[in-house]
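>>> output the structure for:
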Amino acid sequence: MTRTYELIPRADRFMSLLPGMDMFDLFFDDFGLTDLFNREDTLVPAFDIFENDKAYVITGEIPGVDAKDLDVTLTDDILTIKGEKRQESENKGENYYRIERRYGSFERTFEIPKNVKTDNLDATYKDGVFKLSLPKAEVVEAKKIEVKENKAKKKNKPKK
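As a prediction, this is how the structure comes out:
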């Protein structure tokens, strides 16, 4: 299952609760947190998103994935990070009592703000940590336009 998360959540999302939900449910179910124990039992890496003066930064822990197995795309305002964690080897002679490490493919999508320079993105992957920097575009301030009153004289129509 693919979920889309906004980098900067809208305030109205926190103000209204769905019928039958309490604040606890909202925080843990609808807050946009990664479901680490995914119901479909799939690999779901956790990502952190923060902002500084110059950029939005997304970091994610994706241990055991090669950089060549990561696919990062940006289409309009949707950032998609796909990858696959492959199992090293399968030992048929061993009896496993518990397997907690997840293998398989994953996909995460994020809605990014409109003020991102898409021509200068910087993605790195080192020691199992993915980092993507989305530089902010220059903010264009609104220009005040003075409205002048039209003081043209009205011509009187001749009376009949």
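>>> if you rank every helix and strand of the protein by mean pLDDT, what lands last?
helix 12-15 (a mean of 46; mean pLDDT, DSSP states H and E).
>>> quick one: low-confidence ranges for the chain?
Residue ranges of the chain with pLDDT under 70: 1-42, 88-92, 97, 99-100, 153-160.
>>> strands along that one, start to end?
For the chain, applying DSSP state E gives strands covering 4-6, 47-51, 55-61, 71-75, 78-85, 104-111, 122-126, 129-135.
>>> make TSV out of these and add distance to Ala142 and mean neighbour count.
Just so you know, the C-beta spots here come from the backbone N, C-alpha and C atoms, and that holds for glycine as well. As requested, the strands of the chain are arranged in TSV below (distance: least, Cβ to Cβ, whole Å; neighbours: other Cβ atoms under 10 Å):
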stretch	distance to Ala142	mean neighbour count
strand 4-6	24	14
strand 47-51	22	14
strand 55-61	23	18
strand 71-75	27	12
strand 78-85	27	18
strand 104-111	24	17
strand 122-126	30	13
strand 129-135	22	18
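>>> mind putting those strands into JSON lines with distance to Glu141?
Shown next, in JSON lines, are the strands of the chain (distance: least, Cβ to Cβ, whole Å):
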{"stretch": "strand 4-6", "distance to Glu141": "24"}
{"stretch": "strand 47-51", "distance to Glu141": "19"}
{"stretch": "strand 55-61", "distance to Glu141": "20"}
{"stretch": "strand 71-75", "distance to Glu141": "26"}
{"stretch": "strand 78-85", "distance to Glu141": "27"}
{"stretch": "strand 104-111", "distance to Glu141": "25"}
{"stretch": "strand 122-126", "distance to Glu141": "27"}
{"stretch": "strand 129-135", "distance to Glu141": "19"}
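>>> Lys143: which of those strands is closest?
Shortest distance between Lys143 and those, using Cβ to Cβ, is found for strand 129-135: 24.1 Å.
>>> what's next to that closest one, contact-wise?
The contact list for strand 129-135, computed with Cβ atoms under 8 Å, 6 or more residues apart in numbering, reads 54-62, 70, 72, 79, 81, 112, 116-117, 120-125.
>>> quick check: angle from it to strand 122-126?
Here strand 129-135 points in a direction 170 degrees away from that of strand 122-126 (axes from the mean of the first three to the mean of the last three Cα atoms, to 10 degrees).
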